[in-house]
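Peer 1: dropping a prediction and its sequence here:
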Amino acid sequence: MSSDLRAELTQSVDEAEWEWLIPHVQRDAVIVVALGLDLLDVGEAIVNDNTSLVQQWIDEQLIAKPTTAQIGEWNSDAFGGLRQSTKRFHTLIVQPYVLVQEIN
């Protein structure tokens, strides 16, 4: 694990509103990271091509493409849902993916 890579990824973590992520969802590039998992750890594993670790997270359903139900929920929050505020996410771009983690 490279501390330089970790520092670079740390600087790349940002916040985004759901609407900003929709184009990335449409191109099938968004990966949802479970709340118990460190966004930076996932980014590092993908950059370093650590397929065994990434596959383990997929098998444990800790990282996944957003489900139709999740997308529907986030859309309803953003476009006329009961809550006035839109859903926000921590994001990390690891080409070609956008890793997202819900902000509670």
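Peer 2: Happy to help now that I have it. In this text the structure is predicted, and so the values were computed from the model without any measurement.
Peer 1: show me where the chain has its helices.
Peer 2: Along the chain, counting by DSSP state H, helices occupy 3-12, 18-26, 39-47, 51-59, 68-78.
Peer 1: give me the contacts around the last one.
Peer 2: Okay, so that is helix 68-78. 17-19, 25, 32, 66, 83, 85-87 (C-beta atoms under 8 Å, 6 or more residues apart in numbering). Every residue, glycine included, has its C-beta placed from N, CA and C.
Peer 1: do you know how far the closest residue to Asn104 other than its chain neighbours is from Val54?
Peer 2: Counting by C-beta to C-beta, 6 or more residues apart in numbering, Asn104 lies nearest to Leu35, which is 7.4 Å off, once chain neighbours are set aside. Remark: distance between Leu35 and Val54 (C-beta to C-beta, to the nearest Å) = 18 Å.
Peer 1: sorry, back to before: select only the buried ones of the contacts of helix 68-78 in ChimeraX?
Peer 2: The following ChimeraX line selects those of the contacts of helix 68-78 that are buried, judged by 16 or more other C-beta atoms under 10 Å:
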select :18,25,32,66,86,87
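Peer 1: next, the buried residues of the helix-or-strand element of the chain with minimal mean pLDDT.
Peer 2: One helix or strand of the chain scores below all others by mean pLDDT, DSSP states H and E: helix 68-78, with a mean of 86. Neighbour-count burial for helix 68-78, with 16+ other C-beta under 10 Å as criterion, is recorded at 70-71, 74-75, 77-78.
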